[in-house]
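>>> Dropping a prediction and its sequence here:
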Amino acid sequence: MGSLYIGNLHPECTEATLYHKFAPLGNILNIHICKDVSTGQSLGYGYVNFERKEDAEKALSITNYELINGRVIRLMWAKRNINKANMAANLFIKNLDLDIDDKKMFDIFANYGNIGSLKVATDDSGKSKGFGFVQFENEESADKAIRALNGMIVRGRTMYVSKFIPREKKCDQFKNIYIKNFELSLKDEDLKELCRRFGTILSSKVMTDENGDSRGFGFVCFEDADSAKKAVKDLNGTYLGGRRLYAGRAKKKPERRAEVLENLKRKLQFGSS
């Protein structure tokens, strides 16, 4: 049996309409459009189950992104529960040409394996944000796509393809650490020496003002995440030259700015209560 998910259905699209569309491609076991339990209105997606997987593959190849009731439908293999093992087959794609939509991206990636889901991120007006996601059926297909497509020039832009890492896991995989509250006499090489025992260091930098004087904080970039995590664990809260050090994951400006705004908001709320 081969089961397909059908998305972006028009509210007036019926199961009979879908049957007439897919029946010429193979023996259909059932078709179901998902509906709101309280209103009975279509939720805009459904499922078609073919007796043979080969017919489902044919339907996916021939009818994906065709028009039904004036809407471009989106077909993919039915995966109602993506388990953790599938996350290794989830890809993040960035620096896409803004004219690349779901169909065009599907055409780029379809040669490397069965695609479970795919989406180009768009803004409120429906315009591409230049990045997207592809969920393959297995990790082998995802790895094949990375090897073939990462760094490829597509429509004049270098496309970058990598495994998708959820935000919470990104925080666990940092390699760049932030250290503050050390003596102002500490130099780049001193900072490097302080962290050398934790692993291979790619760079170390003490931040300075316009006069070249230390600002009492700096950054160290390690070759691997394990070394960075060990450095943070061992250094944070320890004393150096009578000063208590703070060590943590180096955060990007947007993240730091968001934290400052959140802290300010909390202070204002507390002050007005």
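The structure has been received and is ready for your questions.

>>> Quickly note the distance from residue 257 to residue 251.
To residue 251, residue 257 is 10 Å away according to C-beta to C-beta, to the nearest Å. Heads up, the C-betas are built off the backbone N, CA and C, glycines and all.

>>> more neighbours, the two?
Shown here are residue 257 and residue 251; by other C-beta atoms under 10 Å, residue 251 has more neighbours (15 against 11).

>>> can you give me the strands for the stretch 1-150 of the chain?
Assigned by DSSP state E, counting those that start in this stretch, the strands in the stretch 1-150 of the chain fall at 2-7, 28-35, 42-50, 67-68, 71-72, 74-77, 90-94, 115-122, 128-136.

>>> If you average pLDDT over each of these, which is lowest?
Here the lowest mean pLDDT among these goes to strand 115-122, at a mean of 82.

>>> list the contacts for residue 230?
Residues near residue 230 by C-beta atoms under 8 Å, 6 or more residues apart in numbering: 198, 199.

>>> Distance check, it against residue 55.
54 Å.

>>> Kindly report the same for residue 67.
In terms of C-beta to C-beta, residue 67 sits 21 Å off from residue 55.

>>> Which residue of the two possesses the greater neighbour count?
Taking other C-beta under 10 Å, residue 67 and residue 55 do not tie; residue 55 has more neighbours (18 against 9).

>>> helix or strand right after the helix or strand bottoming out on mean pLDDT in the chain?
Least confident helix or strand of the chain, by mean pLDDT, DSSP states H and E, is helix 167-172 with a mean of 54. Of the helices and strands lying after helix 167-172 in sequence (DSSP states H and E), the nearest is strand 176-180.

>>> contacts for that following strand?
Counting by C-beta under 8 Å, 6+ apart, 191, 194-195, 216-222, 228, 231-232, 235, 245-251 sit against strand 176-180.

>>> Within its sheet, name the partner strands of that strand and how each one runs.
strand 214-222 (antiparallel), strand 246-249 (antiparallel) (DSSP bridges).
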